[in-house]
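Asks: coordinates for the following, if possible.
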Amino acid sequence: MSVETTIDFLSAALRAMRLESGRSGKHDLFADRLVKSASEPTLAAAMEHLLRSIDASTDDIHPPLAARMIAVANGPDGPRILRWWREQAKLVTLIAATRDDEARKAAIAEVKLPEVNAGGRATPRGDYMIGMRVICETPLAHGADQKAGNATLFRRMQVLTDEGVLLLPYYSGNALRGQVRDLLADHFLRSLGLRADRAAPVVSMWFFYALYSGGALEENSDATKALKKELGDHGAIRATGIAEFRTMLPALSLLGTALGNRVLPGRCQFGDLRPICYEWGTGERPVAELMTWEYLTRREDHEDHLVHHGMIANTEYLRAGAELEGGVDFDDATPEIERAALGRGLALLAEVGQLGAETRRGAGRVRIVYDRLPDPAPYDQFLADHKDEILKYLDRVGALADLAS
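Replies: Alright, predicted model coming up:
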């Protein structure tokens, strides 16, 4: 009966929907709103969220049906219904939109609600060589691969807990690594007296990609041709050439890069940042209390036409005040100078004090605290002492071929 009541409620909500669908169909828009509402911690909250997001009046919902749906929301199947909405929104919408009573009953009979164990708690991680704690001074956005119409969901992963599988928010370690890479690249170029302009690079493009994005594998690229003599060719490896590359460019050696047809592996590992909460096994506050939605309306700067081209967007955030923890590990064989480069990159990240998306709107302002951060001073001194030597090396391997005068 829980599924039947839910479908009857959603059918009524779909009929009462006043929100214009625009280019997307009515059912697709409803499914997107269903996914978005399912991010709420309870089915009752999701019901209210759904009706508000589709601009449906409660006067259009038959009171006895609403009462039955509230009973389902507060019953044992409530969490299972909520997960069903989140994971199969389009299928749920199709069933709710079916007007053939017999077909709808047959579809409802085949529905198997997913199991949910809301009280689960994950096993906490061990310590990192460099501990990292992030305090959100403003809401933090970190978009998932999946979107729900104009709503951007916070990134989540499936986690096995002591009572089942949960879908928990996290901030990707790869995003951290990418930001540190960019900061170290800017710092490296400026330390050599070069302009760090990503819109108009002053170095060869293959070297620009190596610095800022980890390079690209290209068998017949300029990078391959420039580095054959230095790093080897046709399966041969010049150990002295690779050693010189790592020595001259400690930050690239630390993070790793692709050079023509060869991959130079990095020496550090960035863990993802996980909110401190009960479900992650690191606190007592429920994760649902950490999440919120922010609404954005982009308006036009002029009104001299008849058609409005503004846009409404919704983003799921970690609330201001939420704390996350993670860290960075590095190989035991990592040279001291590369550890210092890592220290500089992480120090720059803390100085910038911004993570995630929507930073231009004031989101993502954070305070970062480290444990056991390597001293960055030796790396800064290395770049100052070996500036001319590094520039000559870059010129020799063709990294400065496109250098602007």
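Asks: check what pLDDT residue 60 gets.
Replies: Residue 60 is assigned a pLDDT of 82 by the prediction.
Asks: residue contacts, it?
Replies: By CB atoms under 8 Å, 6 or more residues apart in numbering, the residues touching residue 60 are 12, 15, 16. Quick note: C-beta positions are derived from backbone N, CA and C, even for glycine.
Asks: go with 7 Å
Replies: 12, 16 (CB atoms under 7 Å, 6 or more residues apart in numbering).
Asks: mind listing what the most centrally placed residue in the chain touches?
Replies: Note on the chain: the residue nearest the mean C-alpha position is residue 142, at 4.1 Å, using CA atoms, centre = their mean. By CB under 7 Å, 6+ apart, the contact list for residue 142 reads 154, 155, 171, 356, 357.
Asks: what would those residues look like in TSV with neighbour count and distance to residue 6?
Replies: TSV is the format used below for the contacts of residue 142 (neighbours: other CB atoms under 10 Å; distance: CB to CB, whole Å):
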residue	neighbour count	distance to residue 6
154	23	25
155	19	28
171	23	33
356	24	34
357	16	33
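Asks: in strands, which of those appear?
Replies: Among these, the members falling in strands are residue 154 (criterion: DSSP state E).
Asks: distance of the residue nearest to the centre of the chain from residue 268?
Replies: Residue 142 sits at a distance of 21 Å from residue 268 (criterion: CB to CB, to the nearest Å).
Asks: one step back: just send the contacts of residue 142 back as TSV, with pLDDT too.
Replies: Below are those laid out as TSV (pLDDT from 0 to 100):
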residue	pLDDT
154	91
155	93
171	98
356	93
357	87
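Asks: low-confidence regions, the stretch 151-300 of the chain specifically.
Replies: 217-238, 260-261, 296-300 (pLDDT under 70).
Asks: neighbours around the closest residue to residue 393 other than its chain neighbours, how many?
Replies: Nearest non-adjacent residue to residue 393, counting by CB to CB, 6 or more residues apart in numbering: residue 248, 4.7 Å away. Residue 248 has 19 neighbours, counted by other CB atoms under 10 Å.
Asks: hmm, residue 248 is touching residue 392, no?
Replies: No - using CB atoms under 7 Å, residue 248 is not in contact with residue 392, being 9.4 Å away.
Asks: quick one, strands of the stretch 51-200 of the chain?
Replies: 130-136, 143-148, 151-154, 156-161, 164-169 (DSSP state E, counting those that start in this stretch).
Asks: what about the closest residue to residue 82 other than its chain neighbours, distance to residue 52?
Replies: Spatially, and ignoring its direct neighbours in sequence, residue 82 is nearest to residue 43 (4.6 Å; CB to CB, 6+ apart). Per CB to CB, residue 43 is found 15 Å from residue 52.
Asks: quick one, which of these two is more surrounded?
Replies: When residue 43 and residue 52 are compared for neighbours, residue 43 comes out ahead with 26 against 12, by other CB under 10 Å.
Asks: residue 142 versus the spatially closest residue to residue 80 that is not a sequence neighbour, what's the distance?
Replies: Spatial nearest neighbour of residue 80, chain neighbours left out: residue 113 (4.1 Å); criterion: CB to CB, 6+ apart. Distance of residue 113 to residue 142, given as CB to CB: 29 Å.
Asks: which residues of the stretch 301-405 of the chain fall in helices?
Replies: For the stretch 301-405 of the chain, helices defined by DSSP state H, counting those that start in this stretch occupy the ranges 336-352, 377-385, 387-396.
Asks: list the buried residues of the last one.
Replies: Read that as helix 387-396. By 16 or more other CB atoms under 10 Å, the buried positions in helix 387-396 come out as 390, 391, 393, 394.
Asks: quick check: pLDDT value at the third one.
Replies: Right, the one you point to is residue 393. pLDDT at residue 393 comes out at 92.
Asks: pretty sure it sits against residue 247.
Replies: No - counting by CB under 7 Å, residue 393 does not reach residue 247; the two are 9.1 Å apart.
Asks: how is this structure divided into domains?
Replies: 2-110, 117-405 (automatic domain parsing).
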